[in-house]
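Peer 1: quick one: sequence plus predicted model below, questions after.
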Amino acid sequence: MTGRIRLWSGYILFFYVVTHLLNHALGLISLRVLEIGRVWFVFVWHNPLGQTVLYGALITHFFLALWSLYRRRTLKLSRWEWAQWILGASIVPLGVMHVVGTRLAHELYDVQAGYPWVLGSMLVGGWTAILRQFSLPLIVWLHACIGLHFVWRLRPWYREWLPVLYAFALIVPIAGIGGAGIALRDVADLAQRPDFLAELFARAQVPTLDQIANLYAIADALQYGALGLL
């Protein structure tokens, strides 16, 4: 029973990541189209029902994954299982920083955490922030694809559909990361204008230094808590 619940919570999270990456992919067209796509993304996921389903699935998947680890009598795993566990553990620090810096910042301090805010913050944060943001969807995607492969590999239809699924597994993250990269380049070009970033952050209602410190403290507490559970 717990395995089935963990599987369906994973399906929900996978669908969320797919829609998120497809929204990113609109950056291949323009930054304006990317923001328009975000309106629909927010409509689906940021309403009370969407939030309940998303965060319920996230918490459920995390704790059931830990439970499956606690129940093991040995840590003798295959290479693919080790890869999935390492990727899953890597999601925690990257995902916590992203959620705290966007969704929680909006809830606590009314930060308008749209793409201009995220992309502008990446420019200010430098290569460390850029690598952190771009590695998160890739790590999540690899973790999900390994999990789906283990679930589906014995299904009779899987081998027949494998070429289509393989193409999907390549195209979606490439398009999403590529769209986000082009959007970041567009924001970097606009940032050459005097006071552009200052105006962008003013519209986004950037938190104060004390509020930023509080957000980092919350992120640290969540990461240490997850590490303690692991």
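Peer 2: Received it, and whenever you're ready, just let me know what you need.
Peer 1: worst-scoring helix or strand of the chain, pLDDT-wise?
Peer 2: Of all helical and strand segments in the chain, the minimum by mean pLDDT, DSSP states H and E falls on helix 196-204, at a mean of 83.
Peer 1: the residue nearest in space to the middle of the chain and residue 18: what is the separation?
Peer 2: Of all residues in the chain, the one closest to the mean position by Cα atoms, centre = their mean is residue 137, 5.2 Å from it. To residue 18, residue 137 is 10 Å away according to Cβ to Cβ, to the nearest Å. Yep, even glycine has a C-beta here, placed from its N, CA and C like the rest.
Peer 1: rewinding a little: what distance separates the least confident helix or strand of the chain from the middle of the whole chain?
Peer 2: On the basis of Cα atoms, centre = their mean, to the nearest Å, helix 196-204 sits 24 Å off its chain's mean C-alpha point.
Peer 1: tell me what that helix is packed against?
Peer 2: In this structure, helix 196-204 packs against helix 115-152, with contacts taken as 3 or more Cβ pairs under 8 Å, 6 or more residues apart in numbering; DSSP states H and E.
Peer 1: how about the secondary structure of residue 207?
Peer 2: Look at residue 207: counting by DSSP: H, G, I helix; E, B strand; the rest coil, its state is coil.
Peer 1: for it, which non-adjacent residue is closest in space?
Peer 2: Counting by Cβ to Cβ, 6 or more residues apart in numbering, the nearest residue to residue 207 once its immediate chain neighbours are dropped is residue 109, at 4.5 Å.
Peer 1: wait, what's in contact with that neighbour?
Peer 2: The contact partners of residue 109, by Cβ atoms under 8 Å, 6 or more residues apart in numbering, come to 205, 207, 211.
Peer 1: what's residue 68 in contact with, if anything?
Peer 2: The neighbourhood of residue 68, defined by Cβ under 8 Å, 6+ apart, consists of 2-3, 6.
Peer 1: quick check: residue 143 touching residue 81?
Peer 2: No. Here residue 143 does not reach residue 81: they are 11.6 Å apart, not a contact under Cβ atoms under 8 Å.
Peer 1: what touches both of those two?
Peer 2: Here residue 143 and residue 81 have no joint contacts, going by Cβ under 8 Å, 6+ apart.
Peer 1: could you check which of those two has the larger neighbour count?
Peer 2: Neighbour comparison, residue 143 and residue 81: the larger count goes to residue 143, with 23 against 13 (by other Cβ atoms under 10 Å).
Peer 1: contact partners for that one?
Peer 2: Neighbours of residue 143 in contact, by Cβ under 8 Å, 6+ apart: 84, 87-88, 91.
Peer 1: helices - which of the residues you listed land there?
Peer 2: The members of these that map onto helices under DSSP state H are 84, 87-88, 91.
Peer 1: tell me which of those is nearest to residue 115?
Peer 2: The shortest distance between residue 115 and any of those, using Cβ to Cβ, involves residue 91 and amounts to 21.3 Å.
Peer 1: quick one: contacts for residue 155?
Peer 2: Taking Cβ under 8 Å, 6+ apart as the definition of contact, residue 155 has no neighbours.
Peer 1: tally up the residues packed near residue 73, please.
Peer 2: The burial count for residue 73: 5, using other Cβ under 10 Å.
Peer 1: tell me the SS of it?
Peer 2: Using three-state DSSP as the criterion, the local structure at residue 73 reads coil.
Peer 1: cool, thanks, talk later.
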